[in-house]
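# I would like to see how this sequence folds:
(2 chains)
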Protein chains: 2
Amino acid sequence: MIDALIEKVRQLKNPSVIGLDTAFEYLPENMRKNANSLKGAAEAILEFNLNIIEKTYKLVPAVKVQVAYYEMYGVHGLRAFEETLRAAKAKGLVTIADVKRNDIGATAACYSKAYLGRTLVGDREFAAFESDFITVNGYLGGDGIKPFLEDAKKYDKGFFVLAKTSNPSSGEIQDLPIAHLSESKSDTPSLAAKVIYQKGAPSLAAKVIYQAMGQLIEKWGEDNIGSFGYSRVGAVVGATHPKEAEILREAMPHTLFLVPGYGAQGAGSAEIKPCFDGRGLGAVVNSSRGIICAYKTDRYKGMDYASAAAAATVDMREDIVKVIDIL
Amino acid sequence: MIDALIEKVRQLKNPSVIGLDTAFEYLPENMRKNANSLKGAAEAILEFNLNIIEKTYKLVPAVKVQVAYYEMYGVHGLRAFEETLRAAKAKGLVTIADVKRNDIGATAACYSKAYLGRTLVGDREFAAFESDFITVNGYLGGDGIKPFLEDAKKYDKGFFVLAKTSNPSSGEIQDLPIAHLSESKSDTPSLAAKVIYQKGAPSLAAKVIYQAMGQLIEKWGEDNIGSFGYSRVGAVVGATHPKEAEILREAMPHTLFLVPGYGAQGAGSAEIKPCFDGRGLGAVVNSSRGIICAYKTDRYKGMDYASAAAAATVDMREDIVKVIDIL
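The predicted structure follows:
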């Protein structure tokens, strides 16, 4: 699936991903006015998504569906989430379920079944919320990643692990500097840390936590590298931190980046450029509000929301290909 | 709600939490044999949960419901998750939705609405998956925590942030030693890290990442401390790491610990003792498989699953109160 995603990026010469973070209040008034329940809201959101997909599926390689915007509408919202993923897939889009799941191994295995694998009931298998890729939080380390890796191999899927996130406070943990035993004479590191160090410490190139996470991500993907040199195990690297992205791009040559932060969060094409390799590959760039709320802006005034989304998608691609040249 | 939880622990002299991580294969054969769909499996799981709750609600202060075990059954599973939370609440149990959610601020706000707050549709408000507490991953830092904190205040709820998790690989990130600028002359820390340091670095007491996370958790809760001295913002601290728990207990005097790892994951009463304060407060201890799968073990042979769960709950309490004396 990593090859299929990159191949689609190349065919379309477009690394843009449309983020369907569809809050009910983003919908036009006429779609909102009759909804007075979680079910009504979820059905309106689904209709909105389906129309966006219909107008844009030929323009982009993938959509990213942010599950939080569906969970807030309860089981009805999750039905809309499931149907959105299914409709996008049916149109040939690569689907990314942005779920940021994480847990200990046995529990991560359940999440993995829900999105990447299959759930067994009796002698039958079911795909609950089938997605091509998901996002995962790696704070729990490798045994919380393993089930996703196994299902990704078995069902030809992939996932993106959070490395450096796009939000303002991402540095509180992610930018903390690492003490390397080899260059320190002090007794600062705890016994536990020393044990970990003996088992497999981050290399000296990892000065801070997001770089150590990056090294783990490269390692998790090392046996899963596809024909473009990128593995099934990608990383989330925010476009709002171009300097950090540049460091990670160099340190993670086999890791595709899923790049949030373009558009409404403030990053433009200059900021995303460091996420790409010399072939114009290596990253897919998400925009959510910038696309699905385009109809509310002066630039696309008078267009319906789906047509405005398509026009904004074309504009986003043009903005990006100004700074990268896709192989 | 933090006071209500601690008050229940005191009344029952029991800090045990029953974990409803109900995998379909945990159910007795006669409950499984007619299910041949996600819906059928989810309905059987719900029936199992309701019977466990009915037999145990007078024995424990709280239940923890692990959402991954429901997501794998799709929307039907999430209906069972919702109904389980509702039934537990109706019986007077404090409910903990173990969801480990995390994202940037705007998205975290959606998750918060789903579990702790309310979702607005038109002029009506709905609670999608109402819970008293949830679990949260703090890798994204403070702006991903803020929405949960706001809703927790507004609706009298709380949440537990992952500090030191119970799984074997938790140390890969959580145990990495921190370089402190004040004791280092090298240029190792990146520019970004220096900026963070100026804004509010972890104190020197935080030698490793889980301790830095612990300091953030204490800080996030500082304006929300209840009458027992504990705040709405708790921490997840695995019972499988008693040495780390001891360090955190001392460093986090206002933070209630949610302690997984007791029972099936290998920790006993000796390992959980460091999680408690001198009053026998400061922690609630979860057991999942040890309770809900008790009927499969020799000790509870011949009992139905709900009666076995109740007996195992009593045994767990007795095991814990051997080592702690609750105020």
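
# CA only for contacts and neighbour counts going forward, please
OK.

# could you find the closest non-adjacent residue to A:Lys89?
Spatial nearest neighbour of A:Lys89, chain neighbours left out: A:Thr95 (6.5 Å); criterion: C-alpha to C-alpha, 6 or more residues apart in numbering or on different chains.

# do A:Asn102 as well
Take A:Asn102 and drop its neighbours on the chain: the residue closest to it by C-alpha to C-alpha, 6+ apart is A:Asn137, 5.4 Å away.

# isn't the one you found right up against A:Val99?
No - under the criterion of C-alpha atoms under 8 Å, A:Asn137 is not in contact with A:Val99, lying 9.1 Å apart.

# out of these two, which sits in the more crowded spot?
More crowded of A:Asn137 and A:Val99, by other C-alpha atoms under 10 Å in any protein chain shown: A:Asn137, with 27 against 21.

# ok, now which ones touch the more buried one?
Residues counted as contacts of A:Asn137 (C-alpha atoms under 8 Å, 6 or more residues apart in numbering or on different chains) are A:Lys100, A:Arg101, A:Asn102, A:Val161, A:Leu162, B:Tyr139.

# confirm A:Thr135 sits in a strand?
Yes - assessed by DSSP: H, G, I helix; E, B strand; the rest coil, A:Thr135 belongs to a strand.

# so which bits of stretch A:32-40 are buried?
A:Arg32, A:Ala35, A:Ser37, A:Leu38, A:Lys39, A:Gly40 (16 or more other C-alpha atoms under 10 Å in any protein chain shown).

# contacting residues around the residue nearest to A:Lys89?
The contact partners of A:Thr95, taken as C-alpha under 8 Å, 6+ apart, are A:Ala62, A:Val63, A:Lys64, A:Val65, A:Leu85, A:Ala88, A:Lys89, A:Ser131, A:Asp132, A:Phe133.

# among those, which two are most distant?
A:Ala88 and A:Phe133 (13.0 Å; C-alpha to C-alpha).

# who has more neighbours, these two?
The neighbour count for A:Ala88 versus A:Phe133, taken as other C-alpha under 10 Å, is higher for A:Phe133 (27 against 23).

# these two touch, right, A:Val237 and A:Val259?
Yes - the criterion here is C-alpha under 8 Å, and A:Val237 meets it with A:Val259 at 5.3 Å.

# more neighbours: the two, which one.
A:Val237 (31 against 25).

# how far away is the closest residue to the more buried one other than its chain neighbours from B:Gln211?
Leaving aside its sequence neighbours, A:Val237 sits nearest to A:Lys164 (C-alpha to C-alpha, 6+ apart; 4.8 Å). Distance of A:Lys164 to B:Gln211, computed by C-alpha to C-alpha, to the nearest Å: 20 Å.

# neighbour-wise, which of these two wins?
Using other C-alpha under 10 Å as the criterion, A:Lys164 and B:Gln211 rank with A:Lys164 on top: 29 against 25.

# got phi/psi on the more buried one?
phi -120, psi 110 (degrees, to the nearest 10).

# equivalent analysis for A:Ser287, please.
phi -130, psi 130.

# so what's A:Asp277 closest to, chain neighbours aside?
Computed as C-alpha to C-alpha, 6+ apart, the closest residue to A:Asp277 that is not its neighbour in sequence is A:Arg249, at 7.4 Å.

# ok, now how distant is that neighbour from B:Leu140?
20 Å.

# of these two, who's got more company?
B:Leu140 (26 against 22).

# ok so the more buried one is a helix residue?
No - assessed by three-state DSSP, B:Leu140 does not belong to a helix; its assignment is coil.

# show the contacting residues for it.
Contacts of B:Leu140 (C-alpha under 8 Å, 6+ apart): A:Thr165, A:Asn167, A:Ser169, A:Ser170, A:Gly171, A:Glu172, A:Ile173, A:Gln174, B:Asn102, B:Asp103, B:Ile104.

# do A:Asp325 as well
Counting by C-alpha under 8 Å, 6+ apart, A:Asp325 makes contact with A:Arg279, A:Gly280.

# A:Lys33 now?
A:Lys33 sits next to B:Gly122 when contact means C-alpha under 8 Å, 6+ apart.

# what do you get if the cut-off is 10 Å, keeping everything else the same?
A:Leu27, A:Gly40, A:Ala41, A:Ala44, B:Val121, B:Gly122 (C-alpha atoms under 10 Å, 6 or more residues apart in numbering or on different chains).

# just the buried ones from those?
Neighbour-count burial (16+ other C-alpha under 10 Å) applied to the contacts of A:Lys33 gives A:Leu27, A:Gly40, A:Ala41, A:Ala44, B:Val121.

# can you list those residues in TSV and add secondary structure and distance to A:Ala108?
Shown next, in TSV, are the buried ones among the contacts of A:Lys33 (DSSP: H, G, I helix; E, B strand; the rest coil; distance: C-alpha to C-alpha, whole Å):
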residue	secondary structure	distance to A:Ala108
A:Leu27	coil	34
A:Gly40	helix	32
A:Ala41	helix	30
A:Ala44	helix	32
B:Val121	strand	33
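
# can you pull out the strands in the stretch 1-150 of chain A?
A:16-19, A:62-66, A:94-101, A:119-121, A:124-126, A:133-136 (DSSP state E, counting those that start in this stretch).

# so what touches the fifth one?
Strand A:124-126 is contacted from outside by A:Lys113, A:Ala114, A:Gly117, A:Arg118, A:Thr119, A:Leu120, B:Asn36, B:Ser37, B:Leu38, B:Met72, B:Tyr73, B:Gly74, using C-alpha under 10 Å, 6+ apart.

# quick one: which two of those residues are the most distant?
Among the contacts of strand A:124-126, A:Gly117 and B:Asn36 lie farthest apart (C-alpha to C-alpha), at 17.8 Å.

# which parts of chain A are helices?
Counting by DSSP state H, chain A has helices at residues A:2-12, A:29-32, A:38-56, A:68-71, A:74-90, A:105-115, A:146-154, A:171-174, A:191-200, A:209-221, A:242-251, A:269-272, A:289-292, A:305-321.

# mean neighbour count, those: which tops it?
helix A:68-71 (a mean of 28; mean count of other C-alpha atoms under 10 Å in any protein chain shown).

# counting by contacts, list what it packs against.
The helices and strands touching helix A:68-71, judged by 3 or more C-alpha pairs under 10 Å, 6 or more residues apart in numbering or on different chains; DSSP states H and E, are helix A:38-56, helix A:74-90, strand A:94-101, helix B:105-115.

# can I get these in a markdown table with mean pLDDT and distance to B:Lys13?
Shown next, in a markdown table, are those (pLDDT from 0 to 100; distance: least, C-alpha to C-alpha, whole Å):
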| stretch | mean pLDDT | distance to B:Lys13 |
| --- | --- | --- |
| helix A:38-56 | 98 | 40 |
| helix A:74-90 | 98 | 35 |
| strand A:94-101 | 98 | 34 |
| helix B:105-115 | 98 | 28 |
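
# need the ones you listed in a markdown table (columns: distance to B:Leu78).
Converted to a markdown table, the helices and strands packed on helix A:68-71 look like this (distance: least, C-alpha to C-alpha, whole Å):
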| stretch | distance to B:Leu78 |
| --- | --- |
| helix A:38-56 | 15 |
| helix A:74-90 | 6 |
| strand A:94-101 | 15 |
| helix B:105-115 | 12 |
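
# verify the stated contact: A:Val236 with A:Thr165.
Yes - counting by C-alpha atoms under 10 Å, A:Val236 does reach A:Thr165; the two are 6.6 Å apart.

# return every residue with contacts to both of the two.
With C-alpha under 10 Å, 6+ apart as the test, A:Val236 and A:Thr165 both reach A:Val259, A:Pro260.

# residues shared between the contacts of A:Val237 and A:Val259?
Counting by C-alpha under 10 Å, 6+ apart, the residues touching both A:Val237 and A:Val259 are A:Lys164, A:Thr165, A:Ser166, A:Ala245, A:Ile272, A:Cys275, A:Ala283, A:Val285.
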